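Visitor: quick one: sequence plus predicted model below, questions after.
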Amino acid sequence: MKHNGANVRSGAVLLVVLFVSMVVALLSMTVLVRANRQVLVAGGSAAKLELDYLAEAGLVHAKALLLHPHDVAAGADGYWQGGEGLQIEAGDCYYDLTVTRPDVDDRCTYRITSRSYRSGSGVQSNLEADLRLDPCIALRTGADASLPGSVTIRGDVYCGGVLSGSATLYGDVFGNADAFTGLRTGREYAATDLNLTLPDVNADHFSGSIFEEDLTIDPNNIYDRPICVVGNLTITDGAIINISADKNYPALVVTGELSIESGAQLDARGLVKAGSMRVEASAGRVSVLGALFVDGGMVVDGSYVGPITITADPMSAAVKTSNSWSPAAGGFFKYVKRVEAAPSE
Amino acid sequence: MATHPAKQNQRSGFTVAELLVTMMVSGIVLAAVATLAYATGKADTALDDVLTGQRFLQADMRRIRDALRHSRRVFVTPNCIALWRADDNGDNKINGSELQFLRTVGSDLRLHEFRFHYPSGQTIKHLTIPTLGDAAAEDAIVLEVSVAEIESDTAFHELDNLARFNLNTDACTLMRLPDRYNPDICTDPGVKVAYSNIDFSLLSGAMPQYVNLGYDLTVKRVRQGGQVTGQTTVRYNVPAVLLCSADNLILSGEIVSDDD
């Protein structure tokens, strides 16, 4: 019995010690849980900040690829439409890019959405921006250019001589436009303000037919592939030429004079480059979707009713020969804004 | 066995001395634990207060950084800065609803914007600040603002007035200190935060894309009776590169037409 009584007393001490330990443990746990919560909150903020920067990096990535589209695959509409699961460095952070054209007729403005996310977590950052490629040259002439009212240009114009005529220009003019009397929506800059190299294009880097002498195209002699003429090219007698450039190659290169006469039509998608250019009063429609670069002067007869339409499309006109070239000399975002997160899949 | 029950009971209980010693030891231990718990609780509450304040400041800094980086143009105003957030309606002009204003209000740094509503079926009036007097209280308005009006602070004051009398214009504060951290508003004990010496600079003069917002941030702990127990002032700089640009629309400091 004495043995039993000793057991009861030592059990009571144990209970007291356990009670005190429990109180201390509970207090410690409370402190630890709260500290842990602070750490989690701080960690969540750091992750969000990292994803914010990643989403911005995605926008800059898209801008670079739209300014230099040579090595990315174009979608059905002729431009790079984004990618998924992209990474800047190895890890569990990714970003998706979506590129669209808010206005299908404006080929110099692209809407980019950038969604960055951490794999396996719900944290993400979403940005939307409109990128404008500017300046983006639709027509460049090395000497005087005379453009009557039947000429419409959507994009910027560079003129190394004197620009005259009454054309409609939806863009800026780099050069002397004092004699120009048409509609001009953009600004006038000095020719030296444009920092754009010329495309290095000749017969050595050409994907289509190459002619080493003067060529005349008439209805009996039609070409619908890219053409390079080392000499003069005359399109005449109602010939209808429709050329689309291969990716990274020009559509039409003429080292001499490009003449369009007598009911002839020229539809070109891509870069058209000529030594000089002349369009007769009787010529038919001339349409260039890409860029028209003329080393010398460009003369369009004053009574020509054509019309001539030149639309800047840097994606079609970009070429990759000895170097990578695009008629877009720069770009800027018109806005950047946060957008609501898309529902996760 | 019948003569032993009392002795048996005595052996199975505690003596008074044992109970007193146990209670004394337990009391000392519990008192120590209670003191520790109280001190830990107070420290935890104080730390929580500071951390919550820090989170607000981090969120504010992130908001300022976002506003700077995502704006098309930053204008220096007499109070602080104004930002052209975006050309929402694509009219190549600055509208009142497209501006954000980062301004000091006492010790606080606040981000404001004005929201314009366009009720369906209502004709929208396009007004400029000189013609703003033509607006009725119920008019839906697009208010065109010039760069000069932004830089002189006229735009902010006129928009603020407009928000007071026009039913379709709201003034919104996107960023501000919670009242309990603002020493101008709340004098209760706790953590207080104050902005001061705010300046804004263009880092490379001719390139408005590179900007810096600097400010002193003072964090102090105020006890009951107004006694300040800890105060730290740190200079912060928020350098930012503007991702967007309005250079194609602004020439010699004023809006011009463009091919946009």
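Guide: Here it is on my side, so go on.
Visitor: give the bridge partners for the residue in chain A positioned nearest to chain B, please.
Guide: Closest residue of chain A to chain B, Cβ to the nearest Cβ: A:Tyr335 (3.4 Å). Every residue, glycine included, has its C-beta placed from N, CA and C. Beta-bridge partners recorded for A:Tyr335 (DSSP bridges): A:Asp130.
Visitor: who are the contact partners of it?
Guide: A:129-130, B:70, B:72, B:85-87, B:244 (Cβ atoms under 8 Å, 6 or more residues apart in numbering or on different chains).
Visitor: return the subset of the residues you listed lying in strands.
Guide: A:129-130 (DSSP state E).
Visitor: can you flag which of the contacts of A:Tyr335 belong to helices?
Guide: Counting by DSSP state H, the part of the contacts of A:Tyr335 found in helices is B:His70.
Visitor: can you map out the strands along chain B?
Guide: Remark: strands assigned in chain B by DSSP E are B:73-76, B:81-84, B:94-95, B:99-105, B:108-116, B:124-128, B:140-145, B:169-175, B:190-204, B:207-222, B:228-241, B:250-251, B:254-255.
Visitor: let me have those strands in JSON lines, extended by mean neighbour count, mean pLDDT and distance to chain A.
Guide: Converted to JSON lines, the strands of chain B look like this (neighbours: other Cβ atoms under 10 Å in any protein chain shown; pLDDT from 0 to 100; distance: least, Cβ to the nearest Cβ, whole Å):
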{"stretch": "strand B:73-76", "mean neighbour count": "20", "mean pLDDT": "89", "distance to chain A": "11"}
{"stretch": "strand B:81-84", "mean neighbour count": "24", "mean pLDDT": "93", "distance to chain A": "10"}
{"stretch": "strand B:94-95", "mean neighbour count": "23", "mean pLDDT": "94", "distance to chain A": "13"}
{"stretch": "strand B:99-105", "mean neighbour count": "21", "mean pLDDT": "94", "distance to chain A": "12"}
{"stretch": "strand B:108-116", "mean neighbour count": "20", "mean pLDDT": "95", "distance to chain A": "13"}
{"stretch": "strand B:124-128", "mean neighbour count": "15", "mean pLDDT": "93", "distance to chain A": "20"}
{"stretch": "strand B:140-145", "mean neighbour count": "21", "mean pLDDT": "94", "distance to chain A": "17"}
{"stretch": "strand B:169-175", "mean neighbour count": "16", "mean pLDDT": "94", "distance to chain A": "12"}
{"stretch": "strand B:190-204", "mean neighbour count": "16", "mean pLDDT": "85", "distance to chain A": "15"}
{"stretch": "strand B:207-222", "mean neighbour count": "17", "mean pLDDT": "84", "distance to chain A": "9"}
{"stretch": "strand B:228-241", "mean neighbour count": "12", "mean pLDDT": "88", "distance to chain A": "10"}
{"stretch": "strand B:250-251", "mean neighbour count": "16", "mean pLDDT": "76", "distance to chain A": "7"}
{"stretch": "strand B:254-255", "mean neighbour count": "14", "mean pLDDT": "78", "distance to chain A": "12"}
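Visitor: could you point out which of those sits nearest A:Thr321?
Guide: strand B:207-222 (32.4 Å; Cβ to Cβ).
Visitor: and the closest one, what does it pack onto?
Guide: Contacts defined by 3 or more Cβ pairs under 8 Å, 6 or more residues apart in numbering or on different chains; DSSP states H and E place strand B:207-222 against helix B:16-70, strand B:73-76, strand B:190-204, strand B:228-241.
Visitor: how does it look with 10 Å?
Guide: helix B:16-70, strand B:73-76, strand B:81-84, strand B:108-116, strand B:190-204, strand B:228-241 (3 or more Cβ pairs under 10 Å, 6 or more residues apart in numbering or on different chains; DSSP states H and E).
Visitor: in TSV: those, plus distance to A:Ser244.
Guide: Shown next, in TSV, are the helices and strands packed on strand B:207-222 (distance: least, Cβ to Cβ, whole Å):
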stretch	distance to A:Ser244
helix B:16-70	38
strand B:73-76	40
strand B:81-84	41
strand B:108-116	46
strand B:190-204	44
strand B:228-241	39
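Visitor: quick check, nearest of the contacts of A:Tyr335 to A:Ala291?
Guide: Nearest member of the contacts of A:Tyr335 to A:Ala291, counting by Cβ to Cβ, is A:Asp130, at 21.9 Å.
Visitor: is it true that that closest one touches A:Phe333?
Guide: Yes. In this structure, A:Asp130 is within contact of A:Phe333 by Cβ atoms under 10 Å, at 6.6 Å.
Visitor: and for these two, which residues touch both?
Guide: Listed as contacting both A:Asp130 and A:Phe333 by Cβ atoms under 10 Å, 6 or more residues apart in numbering or on different chains are A:112, B:86, B:244.
Visitor: flag whichever of the residues you listed scores worst on pLDDT.
Guide: Within the shared contacts of A:Asp130 and A:Phe333, B:Cys244 has the lowest pLDDT, namely 85.
Visitor: so what's it up against?
Guide: A:129-132, A:332-337, B:69-73, B:84-87, B:209.
Visitor: could you pick out the residues of the stretch 151-300 of chain A near chain B for me?
Guide: A:154-156, A:169-172, A:184-187 (Cβ under 10 Å from any Cβ of the partner chain).
Visitor: I'd like the distance from the residue of the stretch 51-200 of chain B found nearest chain A to A:Arg338, if you could.
Guide: Nearest residue of the stretch 51-200 of chain B to chain A, counting by Cβ to the nearest Cβ: B:Ala86, 3.4 Å away. Using Cβ to Cβ, to the nearest Å, B:Ala86 is found at 12 Å from A:Arg338.
Visitor: more neighbours: those two, which one.
Guide: B:Ala86 (20 against 13; other Cβ atoms under 10 Å in any protein chain shown).
Visitor: can I see the domain layout of chain A?
Guide: Annotated domains of chain A cover A:54-134+A:331-338, A:137-325 [automatic domain parsing].
Visitor: what sits closest to B:Glu138 if chain neighbours are left out?
Guide: B:Leu167 (5.3 Å; Cβ to Cβ, 6 or more residues apart in numbering or on different chains).
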